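**Q** Could you work out the structure for the sequence below:
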Amino acid sequence: MVKKVVIVGAGPSGVLLAHYLLRRGDQYQIDIYDRLSDPRVLEFSNARTYPISLTERGMKALNQIPGVEAAVRAVSLEMSGTIFHQQNGKTRVTSGKKSLVTLDPSSKKPLVTLDRTKLVITLLEKLTEQYDPKRLKLHFNQSCTEVDFAAKTITFQLTAQSAESTDANLTVNYDLLIGADGARSAVRSAFLNTELFELEQKYVPIDYKSILIPRSDQPSDTYLESDKIHSWRNNDAITVLLLHQLDGSISGVIHFPRWNTQVTDLTTPEAVLKFFHKHFPEVGQLMPPSEAEAFLKRPPSHTLTIRCNRYHYGDSVLILGDAAHAVSPSLGQGCNAALEDVTIVNDLLNEYVDDWAGAIAQFTVRRKADAHALVELGDHSLPSSPKLFLEFGLREQLAKTLHRLFPAHFAPSLLELVSESSVPYSEILHSYKGWITKVKKSNQQFLQVS
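**A** Next up is the predicted model:
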């Protein structure tokens, strides 16, 4: 019997799950719905996007689908380390054994970096190449407005851009419903009407804005190595991260504490350029007036963290990725953890021979501790205090050195465990509980004083 699977959310985890399910045979028919437009047909500059780094967990999930890893690498760059730019104009390179102070999460294995939209486009293209519309249907510009678990129906509101129907609303049936629709998940919202469901959501006290520096053929005195992640941090806990992209552009983000209004108080493109020239001179030198104007118009983005006490309802509904456990972007694990979710679902379907009732209930059991631990790690691994941030760097270097010399007696550093291994997040949290507690207390005091 063919099962109709409705996946809400055409992000990396939702599309990758479609890959995994369709390769299991003819027993699944997949319908993917997303509130945004099809990224394959949009002008790229209009797409919702930001740079991401794929680490061991994310790449392991991709390489289980033939051809996907190669296709992703073809639109990616590998980063072999991080350059930390200091306010005195000096830099510190962290890459492998030559590092003096290492905060780099990719010292052994290069990070695969690309734009999120490019990742989604690549996954969609590989999916539609392999499966025809009899088994796979994609629906864009359709926002989920209502979920009825009892009737097994879900209702979408069509946007003006959708030519699929002239009706204002569309209600569809499902056998299996997957909520992969992000931190503000509409599917997860329906869980609130179910018995004993618990949800904790918090805003991270750090907001961000995207930075997009177009490729320039003009000579410049500022050179940023293309195989390194570039990072700047000032004493006000404002941080800039920039990564080169395959097309020659540079993209990234500026993170700033919500109480610090230096970024949000900027009112003119000239003020934007002056701010970056003063605090992050290399960025200011590379930023053209057009980007300063565009930066000014972008509203600050807020990040939600999510913890749930379960990720399934009955025998037919599952949430995963950010819908289940949205995290701070500080460790770069949001997308990687979401892709890892897909492999866990697949392993459980193997174990339970495609019995979804058992598989999705077990997903909650197996994933909850790690998902909660990841939220804790994302919130409290990196300190806001400049003094404690220096201590973190020294701790990372000491842990790496001791592990290299005495691997049987000393564990890898925190960032190595997060990014270069598949060690469960709950085990990492347990190993570094003392440090996490220290940072949590310090961050609370730092924010209060500031």
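**Q** all contacts plus neighbour counts: C-alpha atoms, from now on.
**A** OK.
**Q** per-residue pLDDT, E164?
**A** On pLDDT, E164 comes in at 53.
**Q** for T102, that is, sorry about that
**A** Note for T102: predicted pLDDT of 35.
**Q** swap in S107?
**A** 49.
**Q** swap in the one 3 residues further on?
**A** Predicted confidence (pLDDT) for P110: 84.
**Q** Just the pLDDT for the closest residue to it other than its chain neighbours.
**A** Computed as C-alpha to C-alpha, 6 or more residues apart in numbering, the closest residue to P110 that is not its neighbour in sequence is S80, at 4.8 Å. Per-residue pLDDT puts S80 at 85.
**Q** Do I have it right that S80 meets S53?
**A** No - look at S80 against S53 with C-alpha atoms under 8 Å: they stay out of range, at 11.8 Å.
**Q** what sits in contact with each of these two?
**A** Common neighbours of S80 and S53, counting by C-alpha atoms under 8 Å, 6 or more residues apart in numbering, are L111.
**Q** More neighbours: those two, which one.
**A** More crowded of S80 and S53, by other C-alpha atoms under 10 Å: S53, with 25 against 21.
**Q** helix/strand/coil for that one?
**A** strand (DSSP: H, G, I helix; E, B strand; the rest coil).
**Q** show me where the stretch 151-300 of the chain has strands.
**A** Here the stretch 151-300 of the chain has its strands, by DSSP state E, counting those that start in this stretch, at 153-158, 169-173, 176-179, 199-203, 206-213, 228-233, 239-244, 250-257.
**Q** Can you lay out the ones you listed as JSON lines showing mean pLDDT, distance to L21 and mean neighbour count?
**A** Listed next are the strands of the stretch 151-300 of the chain as JSON lines, based on pLDDT from 0 to 100; distance: least, C-alpha to C-alpha, whole Å; neighbours: other C-alpha atoms under 10 Å:
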{"stretch": "strand 153-158", "mean pLDDT": "96", "distance to L21": "20", "mean neighbour count": "19"}
{"stretch": "strand 169-173", "mean pLDDT": "94", "distance to L21": "18", "mean neighbour count": "14"}
{"stretch": "strand 176-179", "mean pLDDT": "98", "distance to L21": "12", "mean neighbour count": "23"}
{"stretch": "strand 199-203", "mean pLDDT": "96", "distance to L21": "28", "mean neighbour count": "13"}
{"stretch": "strand 206-213", "mean pLDDT": "92", "distance to L21": "34", "mean neighbour count": "21"}
{"stretch": "strand 228-233", "mean pLDDT": "91", "distance to L21": "35", "mean neighbour count": "22"}
{"stretch": "strand 239-244", "mean pLDDT": "93", "distance to L21": "33", "mean neighbour count": "23"}
{"stretch": "strand 250-257", "mean pLDDT": "92", "distance to L21": "33", "mean neighbour count": "21"}
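**Q** Secondary structure element holding K368?
**A** helix 356-380 (DSSP states H and E).
**Q** List the contacts of that helix.
**A** Outside of helix 356-380, the residues within contact range by C-alpha under 8 Å, 6+ apart are 204, 305-312, 314-318, 325-331, 341, 344-345, 348-349, 351-352, 424-426, 429, 436-437, 439-440, 443.
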